[in-house]
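Novice: Attaching a predicted model along with its sequence, questions to come.
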Number of protein chains: 4
Amino acid sequence: MPSPAENDTQLKQTLRQVIFGTQTSAGRKFDIVLMICIVLSVSLVLLDTIEAVNKQYGDVIRIAEWVFTGIFTIEYIVRLYCSINRWHYARSFFGVVDLVSILPSYLALFFPGANFALAIRVLRLFRIFRVLKLLRYLSEGNILLRAMVMSSRKIFIFFFSVSLIVLVLSVIMYVVEGPQRGFTSIPKSMYWTIVTITTVGYGDITPQTPLGQAIASVTMLIGYSILAIPTGILTAELSNEMVRERDLRKCSNCGHRGHDTDAEYCNHCGTELETSPLSEQD
Amino acid sequence: MPSPAENDTQLKQTLRQVIFGTQTSAGRKFDIVLMICIVLSVSLVLLDTIEAVNKQYGDVIRIAEWVFTGIFTIEYIVRLYCSINRWHYARSFFGVVDLVSILPSYLALFFPGANFALAIRVLRLFRIFRVLKLLRYLSEGNILLRAMVMSSRKIFIFFFSVSLIVLVLSVIMYVVEGPQRGFTSIPKSMYWTIVTITTVGYGDITPQTPLGQAIASVTMLIGYSILAIPTGILTAELSNEMVRERDLRKCSNCGHRGHDTDAEYCNHCGTELETSPLSEQD
Amino acid sequence: MPSPAENDTQLKQTLRQVIFGTQTSAGRKFDIVLMICIVLSVSLVLLDTIEAVNKQYGDVIRIAEWVFTGIFTIEYIVRLYCSINRWHYARSFFGVVDLVSILPSYLALFFPGANFALAIRVLRLFRIFRVLKLLRYLSEGNILLRAMVMSSRKIFIFFFSVSLIVLVLSVIMYVVEGPQRGFTSIPKSMYWTIVTITTVGYGDITPQTPLGQAIASVTMLIGYSILAIPTGILTAELSNEMVRERDLRKCSNCGHRGHDTDAEYCNHCGTELETSPLSEQD
Amino acid sequence: MPSPAENDTQLKQTLRQVIFGTQTSAGRKFDIVLMICIVLSVSLVLLDTIEAVNKQYGDVIRIAEWVFTGIFTIEYIVRLYCSINRWHYARSFFGVVDLVSILPSYLALFFPGANFALAIRVLRLFRIFRVLKLLRYLSEGNILLRAMVMSSRKIFIFFFSVSLIVLVLSVIMYVVEGPQRGFTSIPKSMYWTIVTITTVGYGDITPQTPLGQAIASVTMLIGYSILAIPTGILTAELSNEMVRERDLRKCSNCGHRGHDTDAEYCNHCGTELETSPLSEQD
């Protein structure tokens, strides 16, 4: 919970709670409205790239674009106004994203360069991450995140090993199939290996020699079975985190929380503690 | 278990037990016969769309279609007759499905529009869900369902994150590959990204620039490894649910059921309780 | 362990132990030699279908084929000779497979029909399952099998639900894309849906309308995430079985086995029992 | 930790610690520099196979190649100089790899044969495995490796079963689709089956008869669902290993380590032991 400085005006405090906070009902409603605006505005940018849509609804989209730019501009000014430390906000990650996501529309007036502005306008999406601060308050997101952090080292080792396998297989396939059958260079051969080992299988490059097809078969089987590894890592960690989470929640007898995971009796009232479903016992 | 109203006739009660119930042997047999009729009738609709079959067996299929329509019509009337509250049944989900699944055949007499009627006739499939009430009584279905409900929030967060990744990658690929290489618009680019990230890989649109192929490789590796996340979530929940289910079953010493998961001794006879296989102990 | 009848000759008993048994060293060696013969003989059948190989080594392969047929014929006769109940063996699954796998070569002398004989000759493969009786003695195979049997009901429910999803999506895609874009009938549309939902993605039929591509994207995401379900089911069961297996093995203090999974003390010597790694405790 | 022989010179000991060791700060820095050199040198080999790059930067790459060969040559000589038993190092796996990875550049002076030298030059990659000795000290790598060793027997049984399924399906598809639809031989049919069962799905060979498409659909569903098996195996083992690892770390009360997994009280100070998060209790 943000602890607002004492000398703020009532208006600023209220605005701050609504715009930056997620604890109050008004704050959550504001976040939802903002999220809808972001999604709509990004959807328009996407749809505008379809030629048929651009031809027929181009004008409507341009007007809507300016409406959203107006809303986001007002929002940016209000955020600046009500933040405790304006300079701190303006230089923060979300402050920069907020500014950057409204600039392209204004810049497009002076420098008409479609693709460049487009790429930046889609940056607006990152603003959704702000709204997602909400998610941090859902324990589910927390558990997922902790499990991913816990397993990141093992996943790194996994990807390192996969990279080596990909490299070795790419060189072999480059030598076996050769440039005249689509494997024009080792980087291209690596693209093929990744397409194969991840079981994507576009079919734009395929092995044509019997030996190449045999090696490709091995590559597929490797890719098919090593998928088990990151899944296994994450599942094991997630299972751990879920148990830990539940332990923190339990202790239902007297309402006290935060016992050690190996505590047998509540350290507050002395009644036996309920343990997690995965290891229920005395 | 349905508790039939006291003032029903014996016939109505029996019919209700057979048609709506799944506890009696006759009720289960009725459900199985009904399921076979539904599957056969839907299969005919499907096969009829094959031109060769339609030419050769079109007449036979049309006759069979009318036979099934007759059976389903009789069934609908009997259901209406024996239900405790007819209006309540007629407006219920399954009441509407039952009616809708027999209407197309009659409507086709007056409005001959093949595709429209077809789409509705396949709605019959939803009637199978009624028969599937059976499944609710299999604890297996129960566990699966509970695990899915328990993990639905985490899965939602997962899909939200995947959507953001898909959007960012689509914009990048649209800018990198461009309209002249198949990425004609961002929505089309999103289609490609989903084809790639789910490791489907049709190959109808493939990256052709070296940079595009490098980004595609990253997309594949992301898709390949994030598959671990929903699997991990569901496995952890399922494991939990299976343990909980087993706990409810155990308490074998005196036949009593329904102890708290943390109970050490049977609350009926005082002997030590058998715990789940995942954490067997005193 | 087979308990041989008392009135057998010494020779028969020894032969039976070698040919049918897997406990003795000679029995295992026999099984390994037999397995190599089966694999070699099947490999020859496979390689013979490659036109280039057939042209160059056709004669060699035909001779080798007769050598293997000879070996398998002798083996069949010896099996018949040394089995306790000859008629019982001849009518058993493996007895029929043994006979069927040598017949095609002899029949080919009178009825020269390549494909027909080929298909049967490959039945020899099933003989490998006999040798695999070995696997039954590896606890690993046992655990896998038990876990699969335990989860078969849940997996069935899963496949039933997938079938319904496939059917609904097929009808929708047939209506949306239509016969002129490759979706010539609903069965063909089902083939496309299965290709997509299992993330195989051949690309021989692909959606071409924007709506079709949107529905295809949803299909892919469904297929991508429901993969979690059978994995979750099997992992949870396997985890259970592994724990149970370990419990049966433990009780190391006095060598006694087969305690209840919830036993705290060895029921033979009274010392505390070692429990499984998943739930180590007092 | 390497226990250096007493009669070594100070220089040799220091060099050995830096070059072979990974415990000291200097040793780790050396490993990192070496790893960067290996990665750069291999990257150059890869990029050199792109025709455009070869034409424009061919000379620069050749010079860089000689610089790296020089560095690796010096490293090899120093390793020989400072190893306790030179002959033992020279014949060890890494000694051979070190020598082999510098030879191609020298041999290319006398025998200019591009592909042959290339394939060997990429062997340098194996030198990275030496640097990866580092990983052995990360408990994460250890757990992954142990889990894979523990599950290797089950995985073998899995792959054996998959091979049988692939073979049977290949023969069926060869008979059903036949040589005129791309299934020219059983080995080619096996290639198709592996492409399908691993859900890669290139689409270079696709079933065209209705029966073939039906069998292909079954193949896909099999491939899709058996993926659950290796994942389940590895996850269960990994979960076990993680618990075991944690048990070895715990015993926090008095700092003593290495208790039996079933120990209730610390065998050093007698206080109750903290057990793993998966089964926390007294």
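Specialist: Alright, I've got the coordinates.
Novice: what residue ranges in the stretch 101-250 of chain A score low on pLDDT?
Specialist: Along the stretch 101-250 of chain A, the parts satisfying pLDDT under 70 run over A:111-123, A:125-142, A:243-250.
Novice: Would you map the helices across it?
Specialist: Ranges of helices in the stretch 101-250 of chain A, per DSSP state H, counting those that start in this stretch, are A:114-121, A:125-131, A:133-136, A:139-177, A:186-197, A:210-226, A:228-249.
Novice: just so I know, which of the ones you listed lies nearest residue C:97?
Specialist: Evaluated over the helices of the stretch 101-250 of chain A, closeness to residue C:97 peaks at helix A:210-226, with 27.5 Å, by C-beta to C-beta. No exception for glycine: its C-beta is placed from N, CA and C like everyone else's.
Novice: Can you see whether the closest one contacts chain D, counting any residue in it?
Specialist: Yes. Using C-beta under 8 Å from any C-beta of the partner chain, helix A:210-226 reaches chain D at A:210, A:213, A:214, A:216, A:217, A:220, A:221, A:223, A:224, A:225.
Novice: Burial check on the closest residue in space to the fourth one that isn't next to it in sequence, number of neighbours?
Specialist: What that stands for is residue A:216. Take residue A:216 and drop its neighbours on the chain: the residue closest to it by C-beta to C-beta, 6 or more residues apart in numbering or on different chains is residue A:207, 4.4 Å away. Around residue A:207 there are 24 other residues, counting by other C-beta atoms under 10 Å in any protein chain shown.
Novice: before we move on, what about residue A:197?
Specialist: When neighbours are defined as other C-beta under 10 Å, residue A:197 has 25 of them.
Novice: Could you report the distance from it to chain B?
Specialist: Separation of residue A:197 from chain B (C-beta to the nearest C-beta, to the nearest Å): 8 Å.
Novice: Tell me which residues touch that residue, please.
Specialist: A:162, A:165, A:166, A:169, A:219, A:220, A:222, A:223, A:226 (C-beta atoms under 8 Å, 6 or more residues apart in numbering or on different chains).
Novice: Can you convert the residues you listed into a markdown table and add a column each for distance to residue A:17?
Specialist: Below are the contacts of residue A:197 laid out as a markdown table (distance: C-beta to C-beta, whole Å):
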| residue | distance to residue A:17 |
| --- | --- |
| A:162 | 47 |
| A:165 | 53 |
| A:166 | 51 |
| A:169 | 57 |
| A:219 | 56 |
| A:220 | 55 |
| A:222 | 54 |
| A:223 | 51 |
| A:226 | 49 |
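Novice: Select only the buried ones of those residues in PyMOL?
Specialist: Command for PyMOL, covering only those of the contacts of residue A:197 found buried under the criterion 16 or more other C-beta atoms under 10 Å in any protein chain shown:
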select buried, chain A and resi 162+165+166+169+219+220+222+223+226
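Novice: which one of the contacts of residue A:197 is nearest residue B:33?
Specialist: Nearest to residue B:33 among the contacts of residue A:197: residue A:220, at 44.5 Å, using C-beta to C-beta.
Novice: could you list every residue that touches that closest one?
Specialist: Contacts here follow C-beta under 8 Å, 6+ apart; on that basis residue A:220 touches A:196, A:197, A:199, D:194, D:195, D:198, D:200.
Novice: could you measure the fourth one against residue D:161, distance?
Specialist: With the distance defined as C-beta to C-beta, to the nearest Å, residue D:194 ends up 14 Å from residue D:161.
Novice: More neighbours: which of the two?
Specialist: residue D:194 (25 against 16).
Novice: coming back round to it: check the contacts of residue A:220 against chain B and report the nearest one.
Specialist: residue A:199 (4.9 Å; C-beta to the nearest C-beta).
Novice: Now do that closest one against chain C, distance only.
Specialist: Using C-beta to the nearest C-beta, one obtains 7 Å as the distance from residue A:199 to chain C.
Novice: Dihedrals phi and psi, that residue?
Specialist: The phi/psi pair for residue A:199 (degrees, to the nearest 10) reads phi 60, psi 20.
Novice: Hmm, residue D:196 and it touching each other?
Specialist: No. The pair residue A:199 / residue D:196 is not scored as a contact, 10.7 Å apart, by C-beta atoms under 8 Å.
Novice: Among these two, which residue is more densely surrounded?
Specialist: Using other C-beta under 10 Å as the criterion, residue A:199 and residue D:196 rank with residue D:196 on top: 30 against 27.
Novice: hmm, back to that, farthest pair in the contacts of residue A:197?
Specialist: The largest distance within these, taken as C-beta to C-beta, falls between A:162 and A:220 and amounts to 14.1 Å.
Novice: what sits against the residue of the stretch 1-150 of chain A found nearest chain C?
Specialist: Here the stretch 1-150 of chain A gets closest to chain C at one residue, residue A:50, 8.1 Å apart by C-beta to the nearest C-beta. Residues near residue A:50 by C-beta under 8 Å, 6+ apart: B:184, B:185, B:186, B:187, B:188.
Novice: Could you find the closest non-adjacent residue to residue A:40?
Specialist: Residue A:40 sits nearest to residue A:68 (C-beta to C-beta, 6+ apart), 7.1 Å away.
Novice: tell me what the strand or helix carrying the one you found is packed against?
Specialist: Assessed by DSSP states H and E, residue A:68 sits inside helix A:51-82. Other elements packing on helix A:51-82 under the criterion 3 or more C-beta pairs under 8 Å, 6 or more residues apart in numbering or on different chains; DSSP states H and E are helix A:10-19, helix A:25-47, helix A:86-91, helix A:93-110.
Novice: out of these, nearest to residue A:173?
Specialist: It is, among those and with distance given as C-beta to C-beta, helix A:25-47, at 37.1 Å.
Novice: Tell me the buried residues in that closest one?
Specialist: By 16+ other C-beta under 10 Å, the buried positions in helix A:25-47 come out as A:27, A:30-31, A:34-35, A:37-38, A:41-42, A:44-47.
Novice: Going by distance to chain D, which of those wins?
Specialist: Using C-beta to the nearest C-beta, those come closest to chain D at residue A:46, 28.3 Å.
Novice: residue contacts, the nearest residue to that closest one once chain neighbours are set aside?
Specialist: Spatial nearest neighbour of residue A:46, excluding adjacent residues (C-beta to C-beta, 6+ apart): residue B:186 at 4.2 Å. By C-beta under 8 Å, 6+ apart, the residues touching residue B:186 are A:45, A:46, A:49, A:50, B:170, B:171, B:174.
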